[in-house]
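Student: Here you go, sequence then predicted model.
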Amino acid sequence: MPSGNPLPTDPTAVFLPKAGFPRPGDPGQRPATSVNPLCRVTGIHGFTDALGTADPNDDREYLVACRGDGIHLIDVTPKSGGGWTASASLAIVPAANSVKFLSELQPLPFGSSAGSVRNDLFEELNGWNAPSQLFLPLDAYEPSVGVPFQYTSQSTLNREAAAWHDTASDQWFLYSASTCHPGIWVIPLQRVSGVLDFVPGASSWFTANATMGFLHSIYVDAARNQLWVCEDYTPAGGPSSRVKGVQIQTGAAAGSLSSTLVMSKQYAGPPHDAMPVGDRLFVSVMGSNLTEVFSLPITVANAPAASTLVTTVSGFYGHSCYYNATLAPMGNYTGAPFAAALYTVAEMIGPNFARFDYLLNPSGSQDWYANEVSTPGVFPAGQIAPDVVHHIRGVMRTGFFASYNSGITLASLASSQPGVMGSYDTSWRVPPISSGNDVQKFVNKFDGTWDIYPGADSGMVCSSVGDLGSAVFQVKQGVINRYWNATPFASGAAAGLFPRIIAPWGPPRVNQSFYIEDGNAGTYPTANGTISYRSTLYLSLVDPVAMTSNWVPPIVTTSGASQGYSALDYSQIFSVATNPVGFHAYSFPNMGSIVDFKWFAQMVVEEWDNATNTATGNWAASRGTWIGVAP
């Protein structure tokens, strides 16, 4: 971002901006506002690189910021305070973290004819006045707007990306899709001194023998090594509105894409999201004044699969879907064999939201059906900017909404309607453009947030910020923040594993119950039933101060009972809760009435010998964790 970060910092806000990219001096500098072209950041993606080791404490968190003219690869791994000795609830993104930029491969040339690009998007962003079908001269832009740009592919409307890791070669690959360039951009990565970077001259465009058109979205199915894309336009005028599956190759050709498609399925309207969840693919299709959500099995043959229409909502232009794939009973659905949730948001008609719950058919078939369907609901006045919601992302039942012209909204997805907990306005042009030609209005439409990535283990959230670039936020309320180091099992059946605190049923909110558990509990080996595990949760109401070394709590087991922490770990222990053997969840009946009240926690898991009913002495500890109670 330019010097003098225009994103304000309010210590009382829910979202605290910690870094903006590109920083002055970083590669891929944003052109000056008076210089062409405008380089807008759209899709935001993230992933964690384990550096090829089993040590969780050397992991690096990366942000992939998709810009019209290329891609930024940014190391956003945070630290607490100024290092390991400051407050756990304060985090920074160190200035030494790497920032890389890769310019778009083979960009469409300046002055491309209308027939070779997307008439409905490309020209509209590059001097095309839709009502009169005329190209506008550069002087048609008002000086106060400050964002004139030429007729060039460097102003693409939408670029999104996904990351995939080849475990055999321990190599990462990025795959990018653009609505104004046909095909998938394949980008190999390499580690240089432990830092991921682009492999020079190694990227390529994949078009599946010229059958791959302009793509709207892209998702990776890591379990099957597949990419799923939504195609809403073909350059040759062939069939559009298709969902396509592409196989990622492994072995000697790792990272390359197979020209034989896994699937190509056509819909009546443009598909906007196609997300793999388990053995199913969920597709949101925007029709004429309605949204349809389809479910179809993921096949391995190049043949259209049977599509089940899950639900239709009239008067609702759905764009983005978020699927909570937590396969466990939800709320009142105790006794159901499996459950999952679908959340959708609307585009084009304002800040609307709809939620749908689905249960897996108890008969054991793979058909999904609507169990609880809520009507499209509007966010309460004052809790979200009056703006179109473009994307919804989430971590279990905590949702993040990206609004085109305003910013980010944080909401609980634990009930039929979203419970708004906070927001942050990332738009920076004042006042918004309300007059002028259509192109000027279109430019202003995307000053806010196009996309957001909340999946980093640290709890830091990454967001697009229009043509300013991208930003990293710490979220003070309603989100689990993790800091310091985990302590894996040093030996025993679960050697190398460690507990991870998660909140599967929703964020902590005032005067409401809260539930946490060990998200890694299902990974601990039981050695044919001879071994079990017992967890203990340590809570503090005081912000701990880290030691200079790794945080390794002194656990002493006497008669099967874990004994406290030293003052170096927590200055005050508020509560110690030890579960019976085999249990790894904790329920809090009421989180209190104080907004922004912080709870600090760490979970310790002990290996248990079932034959002797005693602890074996092997134990592991989670990363330190803190949460702020949300309204």
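Tutor: Structure received.

Student: C-alpha only now, for contacts and for neighbours.
Tutor: Fine.

Student: Can you check what pLDDT the model gives residue 378?
Tutor: Note on residue 378: pLDDT of 47.

Student: is it true that residue 390 touches residue 403?
Tutor: Yes: using Cα atoms under 8 Å, residue 390 is in contact with residue 403, at 5.5 Å.

Student: any shared contact partners between those two?
Tutor: Listed as contacting both residue 390 and residue 403 by Cα atoms under 8 Å, 6 or more residues apart in numbering are residue 450.

Student: Compare the two and say which is more crowded by neighbours.
Tutor: Neighbour count, other Cα atoms under 10 Å: between residue 390 and residue 403, residue 403 has more, with 32 against 23.

Student: Which strand residues bridge that one?
Tutor: With DSSP bridges as the criterion, residue 403 is bridged to residue 389.

Student: all helices in the stretch 351-500 of the chain, in order from the N-terminus.
Tutor: 438-445 (DSSP state H, counting those that start in this stretch).

Student: Which stretches in it count as strands?
Tutor: Taking DSSP state E, counting those that start in this stretch as the test, the strands found in the stretch 351-500 of the chain are 352-360, 368-373, 377-378, 389-395, 398-403, 407-412, 419-425, 452-453, 461-465, 469-475, 481-483.

Student: Pick the most buried one from those strands.
Tutor: Neighbour counts (mean count of other Cα atoms under 10 Å) averaged over each of the strands of the stretch 351-500 of the chain peak at strand 461-465, with a mean of 29.

Student: Please name the strands paired to it in the sheet, noting orientation.
Tutor: Using DSSP bridges, strand 461-465 pairs in its sheet with strand 452-453 (antiparallel), strand 469-475 (antiparallel).

Student: mean confidence score for the longest one?
Tutor: Averaging pLDDT along strand 469-475 gives 93.

Student: can I assume residue 174 is in contact with residue 164?
Tutor: Yes: the criterion here is Cα under 8 Å, and residue 174 meets it with residue 164 at 6.5 Å.

Student: nearest to residue 286, of the strands of the stretch 351-500 of the chain?
Tutor: strand 389-395 (13.0 Å; Cα to Cα).

Student: Going along the chain, name the strands of the stretch 201-350 of the chain.
Tutor: Using DSSP E, counting those that start in this stretch, strands in the stretch 201-350 of the chain cover 204-206, 214-221, 226-233, 242-247, 263-266, 271-277, 280-286, 290-297, 308-314, 318-324, 339-346.

Student: Any stretches of the stretch 51-200 of the chain with poor pLDDT?
Tutor: The model of the stretch 51-200 of the chain has pLDDT under 70 over residues 80-88, 107-157.

Student: looking at the strands of the stretch 351-500 of the chain, which has the lowest confidence?
Tutor: Among the strands of the stretch 351-500 of the chain, strand 368-373 scores lowest, with a mean of 43.

Student: Report the buried residues of stretch 202-209.
Tutor: 203-208 (16 or more other Cα atoms under 10 Å).

Student: what sits up against it?
Tutor: By Cα under 8 Å, 6+ apart, the surrounding residues in contact with stretch 202-209 are 105, 182-188, 212-213, 257-261.

Student: Go through those and name the one nearest residue 492.
Tutor: Nearest member of the contacts of stretch 202-209 to residue 492, counting by Cα to Cα, is residue 188, at 37.2 Å.
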